[in-house]
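Enquirer: One predicted model, sequence on top.
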Protein chains: 2
Amino acid sequence: MSIWDVARVAGVSHQTVSRVINGRTRVSETTRAKVLHAIAELGYRPNRLAQALAGGPVRAVTVLTSDTALYGAAATLRGMEEAARAAGFSVGISVLEPAMTMRDVAWRLSRPGEAVMVIAFDAPGTRALAALPPDVAVTAAVERQPETTGDRSRQVWLDDRKAARQATQYLLSLGHRGVHYLAIPSSTSRVAQRTHGWMDALEDAGLPIPEPLQGGWTPRSGYLAARSLLADPSVTALLCGNDDLALGAMRAARELGRDIPRDLSVVGFDDTPAAAFLNPSLTTVRLDFEGLGRACFGLLHQMLEPDTAPPVAEWAEPALILRESTGPAPQTATNTDRSPATPPEGE
Amino acid sequence: MSIWDVARVAGVSHQTVSRVINGRTRVSETTRAKVLHAIAELGYRPNRLAQALAGGPVRAVTVLTSDTALYGAAATLRGMEEAARAAGFSVGISVLEPAMTMRDVAWRLSRPGEAVMVIAFDAPGTRALAALPPDVAVTAAVERQPETTGDRSRQVWLDDRKAARQATQYLLSLGHRGVHYLAIPSSTSRVAQRTHGWMDALEDAGLPIPEPLQGGWTPRSGYLAARSLLADPSVTALLCGNDDLALGAMRAARELGRDIPRDLSVVGFDDTPAAAFLNPSLTTVRLDFEGLGRACFGLLHQMLEPDTAPPVAEWAEPALILRESTGPAPQTATNTDRSPATPPEGE
DNA sequence: AGGTGAGAGGTTACCGGTCACATGCCGACT
DNA sequence: AGTCGGCATGTGACCGGTAACCTCTCACCT
């Protein structure tokens, strides 16, 4: 069924049907009613493919992301999807595989001029963003403030560095004589922003900067990475690259007999919905991923439809949320027994 | 740039280019090489829209879901996406809003014959599934075994009922004299499968069936719902509709001074990645949402390309994972006086 | 009264592919 | 030798829309 069928039933030309459908040009009230009636009668709905092919407005966007299991990526995606849906765009999702070449990425895109949003918090995302063909309209949520002005109007980011610095300063203000860092993987080969912020604060305080502990993204990786570090009783404050790592680290601490926050203070990053309900509840940096995603779409919308798109909404600054997992530094170093722990069941 | 440009450069007709691209019909080795060379030289990539419009294989699927913030839905989506990507399908995602009518849903679909997967664990998903126009190819991940044979070959589900029954039986085997249930919202107006399974087990044991507690999906809702119930010390075992509710309930128990598992055993549902690392780690029913999602796509693939699609892979049965949050029932005198529990003052 | 301009609607080309069919070529069979 | 059949390729129609352009009315102005 096509506009021709509708046209025949309504007794008009196919073009008039097209006019009624996208409603930009004027059509007399009588014929519009006839056409609408025919549409309803036949249960007709326009073919988006044909519309797009014929040069109509695309109103579709593809999100490139690498792992939707991560809270940050998932929440950003949610914000993007929500904003896109509100604007009447349809959303495609395309998950990046580590081994993908830039050719693969380009072939995924359905049409020249396709609109794309990239969640580039990690390495595959960053690589994909760099590899996109020049003819695609693209915005991205990235880890750090871009260096070029051009990119600055196409990318959104959170001020991780400042937030990590504040979190570290807060720990120091509690009397801790040092703060260790359990890092998430960086999006580039360079030092990540959160790591930088943590280093900034230590440097300001004139403290030595220990080697950051390298973790992954999951509670398990946090658990494994933290086990050896936390066996050292002189470690009394730990900043973690995300809440999941913090969860794993807290587990490791518990198995080592170290009480949180009495013996050890832990701070996370993200403020996942679970963070407030953990035992102990987690002091963490709240990041407005959803707002970031919405803004990323807002930027894209501006690019695609400069005349009609609403201004890009602001998103929230990172904010340190104080909960139970942080407390004053212990007065004396406690002596803990180190029994080799076995990981708990589960992946 | 189109196949015509490629054809001109390669010195062949547009149709030959088309043949090379989708490779179904035979082309001589010489011309194929010429065409491929021209494609590479021009950086040409086919326009998916035109391909689909012209009646080529669609190889695209839209997922209808209502809330990607929930672990179950997100994990299922991940499985679907992974399987679809492996088969060379592109994936669209369309989030359902509660107020959507079936007309809205239908208009979202880009073309007649569009392939759709529905994540129908909750009410909006179930409604959307029922409201889909008859001309779309659709499979769904649903909460319960479908009643009609036809649906049974188009839907996948997990045996929630059996799993809930087993979990409840396990709690009873620990000596608990009753098990309460903190429910997630049901996908239909009828009693949910997990609730049924819990009731089955209590009935088998000849125990009274208390009113199930109604929760939402989040830790917060679990916390709020459980606060009053857990003030009653005679409640020693709680089954929760998902891990997030369990997390909230455990928090409520802690605030009420009840130790887990000494005073209260808690069992969750889902086995989220965090469950193993909570304090205490959570006994829960592991559900293979990703496998379910993969199978859902497998079914769809069979429908669309019966000759070439691989057989649908099995997914794992629900499995009870024992961890720290469950333990023997507390040793109390049988004649414990039950003073009516007073709910603590509001938050 | 004739020119004029705007609104309503029709006609035709085109977007970038695929499909059905026609054609040219060659070796093989009768 | 003539015809047949399979293979490689070209030709034209078509998928379902939109855009550009054209025509026809009719009210309004000079």
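Expert: Received, thanks.

Enquirer: Show me what the helix or strand of chain A with the lowest mean pLDDT packs onto, helices and strands only.
Expert: One helix or strand of chain A scores below all others by mean pLDDT, DSSP states H and E: helix A:102-108, with a mean of 73. Contact partners of helix A:102-108 among helices and strands, from 3 or more Cβ pairs under 8 Å, 6 or more residues apart in numbering or on different chains; DSSP states H and E: helix A:123-131. (Each C-beta comes from the backbone N, C-alpha and C, glycine too.)

Enquirer: Extract the C-alpha trace of the helix it packs on and format it as PDB.
Expert: Output in PDB follows, covering the C-alpha atoms of helix A:123-131 (Å, rounded to 0.1, in the frame of the first residue of the first chain):
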ATOM      1  CA  ALA A 123      39.200   3.300  23.500                       C
ATOM      2  CA  PRO A 124      37.000   1.700  20.900                       C
ATOM      3  CA  GLY A 125      34.600   4.600  21.000                       C
ATOM      4  CA  THR A 126      37.400   7.100  20.700                       C
ATOM      5  CA  ARG A 127      38.900   5.200  17.800                       C
ATOM      6  CA  ALA A 128      35.500   5.000  16.000                       C
ATOM      7  CA  LEU A 129      35.000   8.700  16.400                       C
ATOM      8  CA  ALA A 130      38.300   9.400  14.800                       C
ATOM      9  CA  ALA A 131      37.600   7.000  12.000                       C
END
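
Enquirer: Go ahead and produce CSV holding the CA coordinates of the least confident helix or strand of chain A.
Expert: What follows is helix A:102-108, C-alpha atoms only, in CSV (Å, rounded to 0.1, in the frame of the first residue of the first chain):
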residue,chain,number,x,y,z
MET,A,102,37.1,2.2,10.2
ARG,A,103,35.8,0.6,7.0
ASP,A,104,33.6,-1.7,9.0
VAL,A,105,32.2,1.3,10.9
ALA,A,106,31.5,3.2,7.7
TRP,A,107,29.7,0.3,6.1
ARG,A,108,27.4,0.1,9.1
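
Enquirer: which of the residues in that helix are buried?
Expert: Neighbour counts over helix A:102-108 (16 or more other Cβ atoms under 10 Å in any protein chain shown) mark A:105-106, A:108 as buried.

Enquirer: With respect to residue A:259, which of the residues you listed is nearest?
Expert: residue A:105 (48.3 Å; Cβ to Cβ).

Enquirer: That closest one against residue A:136, yeah?
Expert: No - contact criterion Cβ atoms under 8 Å: residue A:105 and residue A:136 do not qualify, at 9.8 Å.

Enquirer: re earlier: among the buried residues of helix A:102-108, name the ones that also lie close to DNA strand C.
Expert: When the buried residues of helix A:102-108 are checked against DNA strand C using Cβ under 7 Å from any atom of the strand, none falls in range.

Enquirer: burial count for residue A:71?
Expert: 22 (other Cβ atoms under 10 Å in any protein chain shown).

Enquirer: what about it, distance to residue A:177?
Expert: 31 Å (Cβ to Cβ, to the nearest Å).

Enquirer: now residue A:310
Expert: In terms of Cβ to Cβ, residue A:310 sits 50 Å off from residue A:177.

Enquirer: ok, back up a step: just checking, next helix/strand downstream of the least confident helix or strand of chain A?
Expert: strand A:115-120 (DSSP states H and E).

Enquirer: Would you map the helices across chain A?
Expert: With helices called from DSSP state H, chain A shows them at A:3-10, A:14-22, A:29-42, A:48-53, A:71-86, A:102-108, A:123-131, A:149-152, A:160-173, A:193-204, A:219-230, A:243-255, A:289-304.

Enquirer: which residues does the residue nearest to residue A:102 when sequence neighbours are not counted contact?
Expert: Distances taken as Cβ to Cβ, 6 or more residues apart in numbering or on different chains put residue A:131 closest to residue A:102, at 3.2 Å, once the chain neighbours are dropped. Contacts for residue A:131 (Cβ atoms under 8 Å, 6 or more residues apart in numbering or on different chains) come out as A:101-102, A:105-106.

Enquirer: related to what we said a few turns ago, among the helices of chain A, show the one with the smallest mean pLDDT.
Expert: Lowest mean pLDDT within the helices of chain A: helix A:102-108, a mean of 73.

Enquirer: Spell out which parts of the stretch 1-150 of chain A neighbour chain B.
Expert: A:1, A:43, A:45, A:47-50, A:52-53, A:68-69, A:74-75, A:77-78, A:81-82, A:85, A:90-95, A:97, A:106-112, A:133 (Cβ under 8 Å from any Cβ of the partner chain).

Enquirer: and DNA strand D, which of those contact it?
Expert: Within these, those near DNA strand D by Cβ under 7 Å from any atom of the strand are A:1, A:47, A:50, A:53.

Enquirer: how much space is there between the third one and residue B:17?
Expert: Distance of residue A:50 to residue B:17, computed by Cβ to Cβ: 22 Å.

Enquirer: Among those two, which residue is more densely surrounded?
Expert: residue B:17 (27 against 17).

Enquirer: pretty sure that one contacts residue B:35?
Expert: Yes - judged on Cβ under 8 Å, residue B:17 makes contact with residue B:35 at a distance of 5.6 Å.

Enquirer: Which residues are in contact with each of the two?
Expert: In contact with both residue B:17 and residue B:35: B:6, B:10, using Cβ under 8 Å, 6+ apart.

Enquirer: Give me the contact list for stretch A:66-79.
Expert: Contacts for stretch A:66-79 (Cβ under 8 Å, 6+ apart): A:63, A:65, A:93, A:95-96, A:98, A:119, A:121-122, A:124-125, A:128, A:141, A:217, A:242-244, A:270, A:272, A:287, A:289-297, B:68-69, B:74-75, B:77-78, B:81, B:273.

Enquirer: In contact with residue A:21, which residues?
Expert: A:3, A:46.

Enquirer: can you check the one 4 residues further on too?
Expert: Listed by Cβ under 8 Å, 6+ apart, the contact partners of residue A:25 are residue A:19.

Enquirer: how close does it sit to residue A:50?
Expert: 19 Å.

Enquirer: repeat for residue A:199
Expert: In terms of Cβ to Cβ, residue A:199 sits 55 Å off from residue A:50.

Enquirer: likewise residue A:296?
Expert: Distance from residue A:296 to residue A:50, by Cβ to Cβ: 29 Å.

Enquirer: Now the buried members of the residues of the stretch 1-150 of chain A next to chain B.
Expert: A:45, A:47-50, A:52-53, A:68-69, A:74-75, A:77-78, A:81-82, A:85, A:90-95, A:106, A:108-111, A:133.

Enquirer: Counting neighbours, what do you get for residue A:29?
Expert: Using other Cβ under 10 Å: residue A:29 sits among 8 other residues.

Enquirer: no no, residue A:126
Expert: 21.

Enquirer: quick one: contacts for it?
Expert: By Cβ under 8 Å, 6+ apart, the neighbours of residue A:126 are A:120, A:142-143, A:187-188.

Enquirer: residues from chain A in reach of DNA strand D?
Expert: Looking at DNA strand D, the residues of chain A close enough under Cβ under 7 Å from any atom of the strand are A:1-4, A:14-15, A:18, A:21-22, A:24, A:44, A:46-47, A:50-51, A:53-56.
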